[in-house]
Every structure is written in structure tokens, then in C-alpha cells.
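S.K.: Here is a sequence together with a model predicted from it:
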Amino acid sequence: MSNDATPQRRTARHVVSRVAMDVRPFKIRDFRRLFYGNALTMIGAQMTIVAVGVQVYSLTKSSAMVGYTSLFALVPLIIFGLIGGALADSVDRRKLVVVSTVLTAATSVLLYLQSMAGLGSVLVIWLLVAVQSATAAIYRPSRAAMLPKIVPAHLIPAANTISSSTMSLGMILGPLIAGVIIAQAGLDWTYLVEAVLLVGALFSLLGLPSMPVERTTQRRNPFRDVWDGFVYLRTQPLLTMQFVVDLIAMIFGWPLAVFPALADGRFGEGAIGWLYAGTSIGAVLAGLLSGWISHLQRHGVAIIVSVVIWGSAIIVFAFADNLVLGLACLAFAGAADLVSASLRMTMLQVLVPDELRGRMQGTFMVVVAGGPRLGDVRLGVTAAALGPTVALWSGGVVIVVAMVLCAVLMRSFWTYRHVSAVAS
């Protein structure tokens with residue numbers, strides 16, 4: 001009896017390892033430190049997004065003014081994301097992360113002070129948002145570039161899946177925590193709590209070892225290094241394609257711009273929060289069942305298929321006439337995006353030499369941040385002219401057709417394999 005049970009237990013463990021999230025990276029102490037730092041930072045950042053939106057709306061009673069706040073965050077994110085990537089290839093990445101995290105926390109304190117003082121100035125808020133966006137953009141490429149120095153190659157897909165799941169969970173928890181604090185303690189304290197979370201992140205990150213860049217060429221200045229990064233990218237069709245694939249998915253499939261209209265007319269006002277959380281919920285659930293991602297070899301195929309699922313889910317969402325079906329579509333889209341994002345990040349970290357990882361991570365961050373913003377514009381304009389349904393399904397069709405063309409025309413991307421994925 002016991003002899004028969006042993007193979008059954010082994011089979012069960014094998015099945016679980018192929019389905020449940022691969023948590024082997026947590027055995028690595030430095031990965032745990034980086035994870036805790038990133039998790040606290042993400043939750044705090046989402047809290048500030050909510051607090052800033054609430055404060056700007058309370059001062060102006062204008063949704064347009066809340067929307068303009070995104071521009072003050074996006075422009076510094078693009079500029080300093082590229083510069084931060086160049087700096088990550090020039091200086092010790094750990095030191096750069098620590099200094100920029102301190103500056104981000106200081107900006108949170110300033111946001112708290114302006115709110116406590118009752119300045120009532122939207123311009124001051126916008127300027128502080130711009131500064132905080134710039135400091136955050138500086139540390140993000142370094143944090144991502146640290147991962148291949150901490151985690152062995154065969155665990156990078158699992159580590160990126162954990163990171164992507166954590167980001168999605170933070171996008172759920174941050175707004176919920178902010179809502180409770182604003183209701184119970186007041187808006188001011190939301191900013192201060194973010195500063196406290198960033199201090200916690202700082203202590204976690206201070207435990208990481210020094211991470212100087214492996215240089216084979218002499219550094220000049222950050223602006224020239226940014227240009228050299230783009231020159232390098234032009235010679236790497238695989239990396240270029242993974243940026244193109246993500247831009248197509250986000251520009252033609254990012255659905256947030258029509259959520260207020262759908263909540264007002266189709267699903268009901270109480271649906272708005274669920275709509276915004278839908279893709280993140282799907283990503284978190286997919287992350288919990290992501291063990292199979294670590295065993296994938298054909299990353300190119302998986303990325304293309306994931307984006308096709310994303311586009312298909314958006315097409316079905318366009319015609320969803322009840323909230324349950326709509327949330328199911330968004331959850332499927334979010335799950336597919338988790339797979340695509342994890343594998344694209346892995347491709348970037350594996351294929352790029354260490355001395356260029358910071359710049360490529362900076363470019364990755366700009367694409368990830370800029371694609372949805374362009375998608376908001378595309379969807380908003382199309383929805384205003386043709387209605388939300390047409391705007392959504394037409395974008396989904398473009399995504400599916402574009403991915404088929406990518407698979408046919410870019411065979412090197414379609415056939416790309418991650419050979420370390422099968423290592424144990």
C-alpha cells in the first residue's frame with residue numbers, strides 16, 4: 001500500500017509544481033529583499049495615485065483636471081526612465097536605487113505637508129507628482145536590471161512571474177488601502193503612509209549587495225548612452241519585436257478609457273471599481289497558477305498566443321451585456337498579459353548583456369507606461385466617434401491580425417526558445 005502511494009504522491013507533487021506558482025526564487029535571500037522592496041513600493045505608489053486624484057478633484061471638481069495629472073507623471077517618466085536606464089549602466093545599481101528611493105519618499109512627505117498646510121494649489125501637486133514620477137523612473141530600470149545578477153537563468157521566468165503578479169496585487173491592494181485611510185484618517189495620512197512604506201522598502205533594499213556594472217566599454221554621458229542604447233536596439237530584431245508586440249496590444253486593446261461610459265450606461269455605476277480591477281484580478285489569479293511558465297521553452301510562441309488571447313478577450317468584452325461576463329473577459333485578458341509581460345521581461349534580461357540592461361529596462365518601462373496612455377487616446381477618440389462597442393472590438397481585431405502577421409513575417413521571434421527554462 002505504501003509503495004503504491006509513493007508514486008502517487010510524486011505524481012501529485014509533479015502536477016502541483018507544474019500548476020502552482022513557482023516560488024523557488026524565494027529561497028534566494030537577495031531575491032526576497034528585492035521582492036519586499038518592490039512590493040512595498042508598488043502598494044505605496046498606487047496609494048498616492050488615488051490620493052492625488054481625490055485631492056485634485058476635491059479642489060477643482062473637474063475630471064479633466066484629474067486627467068491632466070497623468071501628463072505631469074507621464075512626461076518625466078519617459079524622460080527620466082531613459083536617463084535612469086543609462087545611469088543604471090554607469091553606476092552601482094544598488095546605490096542608485098537607494099538614493100532615488102530616498103528622494104521618492106521625501107516627495108511623499110512634501111505631498112503630505114502641502115495637504116496638511118491646506119495650500120489648495122493644483123500646480124504644487126502637479127509639480128510634486130512630476131518630481132516623484134522622475135525619481136521613481138530613475139530607480140525602476142536598476143531594480144529590473146538587478147534580477148539577473150540575483151537569480152540564476154533558469155529561475156528568471158519564475159522570478160518575473162512573481163514580480164508581475166506582485167505588481168497586479170499592488171494595483172488592487174494600494175487603492176483599497178488608500179480608500180480606507182482616506183475614509184478613516186483623512187487624505188493627508190495617505191501620503192505619509194506611502195513615505196513609511198518607502199522607508200520599509202529602503203531597509204529591505206539596503207540589504208542587497210553592491211552591484212557594479214560589468215563594463216566592456218568606457219562610459220561617456222547619460223544622454224550619449226541613451227542614444228547608444230537605441231543604436232543597439234536597432235541591431236536586435238528579437239528585442240525590437242517584443243516592444244512592438246506590447247505596443248500593439250496596449251494601443252489597440254487597453255480598455256480603461258471607456259470604463260466610465262460602460263459603467264454609466266451598460267453595467268451600472270456600481271460596476272466602475274470592478275471594471276478597473278478586472279485585469280489585475282485576472283493577473284493575480286493567473287500568477288497563483290503560473291508554475292507551468294517556468295517550464296516553457298518556446299517563449300516566442302507563448303508571447304504571440306498570449307497577446308492573441310488578450311485581443312480576443314477584448315473583442316468578447318466589447319459585446320458583454322452583463323458585469324459577470326465583462327469581468328470574466330477582463331480577467332482572461334489580465335491573465336494573458338501576465339504571461340506575455342513575464343516572458344518579455346525574461347527575454348530582455350537574458351538576451352541583453354549586463355552593461356546594456358539598464359538602458360533596455362528603461363526603454364521597456366517607457367513602452368509599458370506609454371502604450372496604455374496612447375491606448376487611452378486611441379480608444380477615447382474612437383469611442384467618441386463610433387461608440388465604445390465598435391472602439392473595443394475593432395481594436396481587438398487589429399491585435400489578432402497583427403499577431404498573425406508577426407508570426408508569419410518574423411519567424412525568428414515565433415521560433416525563439418528560452419533554453420534555460422527546462423533547467424531545474
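M.R.: Yep, it's here.

S.K.: name the helices or strands packed onto the helix or strand hosting residue 32?
M.R.: Using DSSP states H and E, residue 32 maps to helix 29-60. In terms of contacts (3 or more CB pairs under 8 Å, 6 or more residues apart in numbering; DSSP states H and E), helix 29-60 is packed against helix 63-88, helix 93-117, helix 122-150, helix 156-184, helix 187-206. To be clear about C-beta, it is placed using only N, CA and C from the backbone, and glycine gets the same treatment.

S.K.: which residues of the protein score low on pLDDT?
M.R.: For the chain, applying pLDDT under 70 flags the ranges 1-19, 62-64, 67, 214-226, 269, 272-273, 419-424.

S.K.: Domains in it, by residue range?
M.R.: Each domain of the chain is listed here as a residue range: 26-153+173-208, 231-424, per automatic domain parsing.

S.K.: Of these, which is nearest residue 20?
M.R.: The closest of the domains of the chain to residue 20 is domain 231-424. By CB to CB, the value is 4.9 Å.

S.K.: tell me the contacts of residue 46?
M.R.: 170, 171, 173, 174, 175, 178 (CB atoms under 8 Å, 6 or more residues apart in numbering).

S.K.: Might one say that the fourth one is in contact with residue 40?
M.R.: No. The pair residue 174 and residue 40 fails to qualify as a contact (CB atoms under 8 Å) at a distance of 10.5 Å.

S.K.: Quick check: which element contains residue 213?
M.R.: Counting by DSSP H and E, no helix or strand carries residue 213.

S.K.: likewise residue 300?
M.R.: helix 299-319.

S.K.: If you count contacts, what does that helix end up packed against?
M.R.: Packing contacts for helix 299-319, counted by 3+ CB pairs under 8 Å, 6+ apart, involve helix 237-253, helix 323-351, helix 388-409, helix 411-414.

S.K.: can I get those in JSON lines with distance to residue 362 and mean neighbour count?
M.R.: Listed next are those as JSON lines, based on distance: least, CB to CB, whole Å; neighbours: other CB atoms under 10 Å:
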{"stretch": "helix 237-253", "distance to residue 362": "12", "mean neighbour count": "21"}
{"stretch": "helix 323-351", "distance to residue 362": "11", "mean neighbour count": "23"}
{"stretch": "helix 388-409", "distance to residue 362": "24", "mean neighbour count": "18"}
{"stretch": "helix 411-414", "distance to residue 362": "22", "mean neighbour count": "15"}
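
S.K.: Of all these, which one comes closest to residue 24?
M.R.: For the helices and strands packed on helix 299-319, the distance to residue 24 is smallest for helix 323-351, at 14.7 Å, taking CB to CB.

S.K.: Could you list every helix and strand in contact with the next helix or strand after the closest one?
M.R.: Following helix 323-351 in sequence order, the next helix or strand is helix 354-386 (DSSP H and E). Using 3+ CB pairs under 8 Å, 6+ apart, the elements in contact with helix 354-386 are helix 63-88, helix 122-150, helix 222-234, helix 237-253, helix 323-351, helix 388-409.

S.K.: Indicate which one of those is closest to residue 369.
M.R.: Closest approach to residue 369 among these is made by helix 63-88 (5.3 Å; CB to CB).

S.K.: so the closest one versus helix 354-386, what angle?
M.R.: Between helix 63-88 and helix 354-386, the angle comes out at 160 degrees (axes from the mean of the first three to the mean of the last three CA atoms, to 10 degrees).

S.K.: Report the buried residues of helix 63-88.
M.R.: 66, 69-70, 72-74, 76-78, 80-88 (16 or more other CB atoms under 10 Å).

S.K.: before we move on, back to that, just put the helices and strands packed on helix 299-319 in CSV and tack on distance to residue 207.
M.R.: Listed next are those as CSV, based on distance: least, CB to CB, whole Å:
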stretch, distance to residue 207
helix 237-253, 31
helix 323-351, 21
helix 388-409, 42
helix 411-414, 38
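
S.K.: Residue 205: neighbour count?
M.R.: Residues lying near residue 205 (other CB atoms under 10 Å) number 22.

S.K.: do the same with residue 208
M.R.: Using other CB under 10 Å, residue 208 has 21 neighbouring residues.
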